[in-house]
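Visitor: what's the 3D shape of this:
(one chain, ligands or ions: 2)
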Amino acid sequence: MATVTIRNLNKKFGAVEVMPSLSLDIEEGQFVVLVGPSGCGKSTLLRMVAGLETITGGEVRIGERVVNHVAPKDRDIAMVFQSYALYPHMNVQQNMGFSLQLKRKTPEEIDGKIRPASGMLGLQDYLDRFPKQLSGGQRQRVAMGRAIVRDPQVFLFDEPLSNLDAKLRVQMRGEIKSMHQRLKTTTIYVTHDQIEAMTMADKIVVMRDGRIEQEGAPLELYDRPQNVFVAGFIGSPQMNFFDAVAADGRLRLGPDLTLPLPPAYASTQGKVICGVRPENFHPGGPGDLPFAVSLVEPTGAETMVTGKIGSTQVSAVLRERVTPHPGEVMQLRVDIESLHLFDPETEQRIEAQPALEAAE
Ligand SMILES: Nc1ncnc2c1ncn2[C@@H]1O[C@H](COP(=O)(O)OP(=O)(O)OP(=O)(O)O)[C@@H](O)[C@H]1O
Ligand SMILES: [Mg+2]
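Guide: Ligands and ions are numbered 1, 2, ... in the order given. Sure thing, here's the model as predicted:
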């Protein structure tokens, strides 16, 4: 276990700057998940921590030690890639033990590491098999086993589950999380999967264009996204956005379309972006918002309905059993307390004013 401290990290590929100046603090034992659109610099950041990519400027510290110029093998980290990168000509045991062999450990020492790791990963019966004789999930486990036996200060994962089918992903997600609970090794984990990010992370870091847009506990980001980008990025399906005008305690979403403002925003005036998560819509009645339905997708537990409110494209996830038909207009009620308001100029969150609310 170690802290990872990243200070003003800068990365240029030739003349192209992909990371201007990124700072991030990771506590001992923390599980940090990096998310962000393709090309935002997640892998580059991970590779700079690992030492697989040079650092143009700034500093990476693992524990107290600045590692900018320390070779990857001396950083005491272990990285697991999407591609597994197993040695095809080695069996499971040899794959897992290879790094220890390089460190000139004795066969007894190597066995002493492989045995508990393979047990933890359910690989004890597969030690003689070669990678091509394993399923995708088993290969992924060997890749993790290879990282575990090194007993590193920090685990780095770059989309380790994205090659697996949906069911295996869920299973491996649980296994990585329980492994982290046992080993408590500081972990940086990159994923495109919302559910992975929300369920595994102690802290989620949302990146865009080599910068951090927001970092925080998963529910903090879900409940209080600091800007329109994070609001749209965290949550699936994504938040709906309305161009709206706040006046006299009401929010106008369009002609004949208004909602009451949440009490803490009662004094807000002027143009706003109003965000509503799909799960904050419910089947409503007269006086609620008319929703022109275009697509209905029942998944069993809930129904995803797509359509328009006024001129805004909207998706709603309804847990109630309703079966609207395409072409129909249904009424949608909104959880007023869970509206998100943003400044249309800066796209930053408008903070609620509980003081005013209390004064009233
Ligand atoms: N070796 C390289 N040479 C030049 N540019 C690179 C190199 N590696 C990455 N980049 C650029 O750096 C930026 C960040 O890439 P990176 O691979 O870190 O993104 P990412 O967030 O991991 O994306 P993805 O989600 O697609 O994996 C991109 O614009 C990419 O084109
Ligand atoms: Mg990547």
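Visitor: run a quick neighbour tally on Gly300.
Guide: Gly300: 5 surrounding residues under other C-beta atoms under 10 Å. For the C-beta atoms, the positions are set from N, CA and C on the backbone; glycine is no exception.
Visitor: contacting residues around it?
Guide: With contact set as C-beta atoms under 8 Å, 6 or more residues apart in numbering, Gly300 has no partners.
Visitor: what's the neighbour count on Asp25?
Guide: Asp25, neighbours per other C-beta under 10 Å, totals 14.
Visitor: quick check: it touching Val60?
Guide: No - with contact defined as C-beta atoms under 8 Å, Asp25 does not count as touching Val60 (11.8 Å).
Visitor: okay, and the common contacts of the two?
Guide: Val4, Thr5, Ile6.
Visitor: sec struct for the last one, please.
Guide: To tie it back to what came earlier, the one meant is Ile6. Per DSSP: H, G, I helix; E, B strand; the rest coil, the secondary structure class of Ile6 is strand.
Visitor: what residues does this structure have near ligand 1?
Guide: By C-beta under 6 Å from any ligand atom, the residues of the chain that approach ligand 1 are Phe13, Val18, Gly36, Ser38, Gly39, Cys40, Gly41, Lys42, Ser43, Thr44.
Visitor: not counting sequence-adjacent ones, nearest residue to the residue nearest the centre of the chain?
Guide: With distances taken as C-alpha atoms, centre = their mean, the residue of the chain nearest its centroid is Ala197 (3.3 Å). Nearest residue to Ala197, sequence neighbours excluded (C-beta to C-beta, 6 or more residues apart in numbering): Val33, at 4.6 Å.
Visitor: now do the phi/psi pair for that neighbour.
Guide: Note on Val33: backbone dihedrals following degrees, to the nearest 10 are phi -110, psi 130.
Visitor: again, but for Gly254
Guide: phi 170, psi 180.
Visitor: can you name the residues that contact it?
Guide: Phe242, Ile309, Gly310, Ser311, Thr312.
Visitor: against ligand 1, how distant is the fourth one?
Guide: As defined by C-beta to the nearest ligand atom, to the nearest Å, Ser311 lies at a distance of 33 Å from ligand 1.
Visitor: what's the burial count for that residue?
Guide: 11.
Visitor: only alpha carbons, please: show whichever strand or helix holds the residue nearest to the centre of the chain as CSV.
Guide: Element membership for Ala197 (DSSP states H and E) is helix 194-200. The C-alpha coordinates for helix 194-200 follow below in CSV (Å, rounded to 0.1, in the frame of the first residue of the first chain):
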residue,chain,number,x,y,z
GLN,A,194,-20.5,3.3,-15.7
ILE,A,195,-21.6,0.5,-13.4
GLU,A,196,-18.0,-0.6,-12.8
ALA,A,197,-17.1,3.0,-11.9
MET,A,198,-20.0,3.5,-9.6
THR,A,199,-19.8,0.2,-7.8
MET,A,200,-16.0,-0.3,-7.5
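Visitor: can you pull out the low-pLDDT segments for this structure?
Guide: Scanning the chain for pLDDT under 70 picks out 354-360.
Visitor: residues in contact with stretch 79-89: which ones?
Guide: 46, 50, 52, 94-95, 98, 130-132, 139-140, 142-144, 146-147, 155-160, 162-163.
Visitor: next, the buried residues of it.
Guide: Buried residues in stretch 79-89, counted by 16 or more other C-beta atoms under 10 Å: Met79, Val80, Gln82, Tyr84, Leu86.
Visitor: this completes my enquiry, with thanks.
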